[in-house]
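Engineer: Build me a structure from this.
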Amino acid sequence: MISRKAFIRLGVSGLGAAALSVVAGCGGSSGEAASDAAAEDHLAKIQEAGKIIFATEGTWAPETYHDENDELVGYDVDVARAVAEKLGVEAEFAEGEWDGLFAGVDGGRYDSVANGVDVTEERAEKYDFTTPYSYTHTVLIVAADNDEITSFEDLEGKQTANTVSSTYAQLAESYGATNNGVDDFDQTISLLTQGRIDATLNAETAYHYYMTQHPEAAIKIAATTEDAIAQAFPVPKGEADATLLEAMDAAIDELRADGTLTALSEQYFGTDISVE
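Structural biologist: A predicted model of the protein is given here:
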């Protein structure tokens, strides 16, 4: 179980330090050695393939979902596409359940994850994170007629629901709740309105978007975290991935500077979530 302290946003300076690391040059003058080094370089592999593969759920609006034409869209999807364009490649998306997204990165099937991934201390032990491209608060959602739960501390002994390995499930459990595994946000809200769970945790942006689509939903926000959590793209740790991290950081910085992140934020959320 991850402690509540592990949900604080990592300092930008810490992320920057990781981003600025570069692959050390190979000793000697052998062309073969240089070729071997390039073959191991993650960014070089992506550029040679002409595509970067992002894992995503495709079921979590407005970050990643399918529109009325069944096209994959969303804030994270569009940011990933914009980053890929800056890298000179195409973005390809592999859709799957949350619990398998990181396993795909670990196995080398995917290059990163575009799914509102929170930057946590626990994840930072295994992955390097790009510069954050969004910041959100976590909200505690209950049924509209529930006056018993008014704070996160009230989750002690309660039933909640989230995807099993999500930070929301872990945070709920850290307050003493029992998490019930689900596949997506819609299923979670269904359990909540049916009275089969007491509460759920999720991004404030996800809640507000859901309410725009289902204004009749009998749910409400009982509490909100004080500090915002950063979202970023994770990449595997290691020298072979350092140049990819540096290139993605530069791309995100350019997208923030030219107003792309702000425009996408306002398109999907009605406000700018690309800054704290």
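
Engineer: hang on, residue 235 in a helix?
Structural biologist: No - according to DSSP: H, G, I helix; E, B strand; the rest coil, residue 235 belongs to no helix; its state is strand.

Engineer: what sits against it?
Structural biologist: Counting by C-beta atoms under 8 Å, 6 or more residues apart in numbering, residue 235 touches 42, 105, 111-112, 127-130, 241, 244-245, 248. Every residue, glycine included, has its C-beta placed from N, CA and C.

Engineer: excluding its backbone neighbours, what's nearest it?
Structural biologist: residue 241 (4.9 Å; C-beta to C-beta, 6 or more residues apart in numbering).

Engineer: Helix or strand: which one has that neighbour?
Structural biologist: Per DSSP states H and E: residue 241 is located in helix 239-257.

Engineer: lowest-pLDDT helix or strand in the protein?
Structural biologist: Using mean pLDDT, DSSP states H and E, helix 12-19 stands out as the lowest-scoring helix or strand of the chain, at a mean of 38.

Engineer: measure the nearest residue to residue 237 once chain neighbours are set aside to residue 74 for me?
Structural biologist: Closest residue to residue 237 apart from its sequence neighbours, by C-beta to C-beta, 6+ apart: residue 128 at 5.3 Å. Distance, residue 128 to residue 74, by C-beta to C-beta, to the nearest Å: 23 Å.

Engineer: Please give me every residue in contact with the spatially most central residue of the chain.
Structural biologist: By C-alpha atoms, centre = their mean, the chain has its centre lying nearest to residue 117, at 1.7 Å. Listed by C-beta under 8 Å, 6+ apart, the contact set of residue 117 reads 123, 129, 231-234.

Engineer: from these, which is closest to residue 181?
Structural biologist: Distance to residue 181, by C-beta to C-beta, is smallest for residue 123 among the contacts of residue 117, at 19.2 Å.

Engineer: tell me which residues in stretch 72-85 are buried?
Structural biologist: For stretch 72-85, the neighbour count (16 or more other C-beta atoms under 10 Å) marks 73-84 as buried.

Engineer: hmm, who's touching it?
Structural biologist: 51-52, 54, 56, 58, 60-67, 90-91, 93, 95, 112, 114-116, 133-134, 231, 233, 248, 251-252, 255, 260-261, 264-265, 267-269, 273.

Engineer: What about the residues you listed, which are in strands?
Structural biologist: Using DSSP state E, 51-52, 54, 56, 65-66, 90-91, 93, 95, 112, 134, 231 are the members of those that sit in strands.

Engineer: Quick check on the residues you listed: which are buried?
Structural biologist: Counted by 16+ other C-beta under 10 Å, these give 52, 54, 56, 65, 91, 93, 112, 134, 231 as buried.

Engineer: low-scoring stretches of the stretch 101-250 of the chain, by residue?
Structural biologist: The stretch 101-250 of the chain contains no residues with pLDDT under 70.

Engineer: 90 instead, please
Structural biologist: Low-confidence segments of the stretch 101-250 of the chain, defined by pLDDT under 90, span residues 163-167, 183-185, 205-206, 208-210, 212-213.
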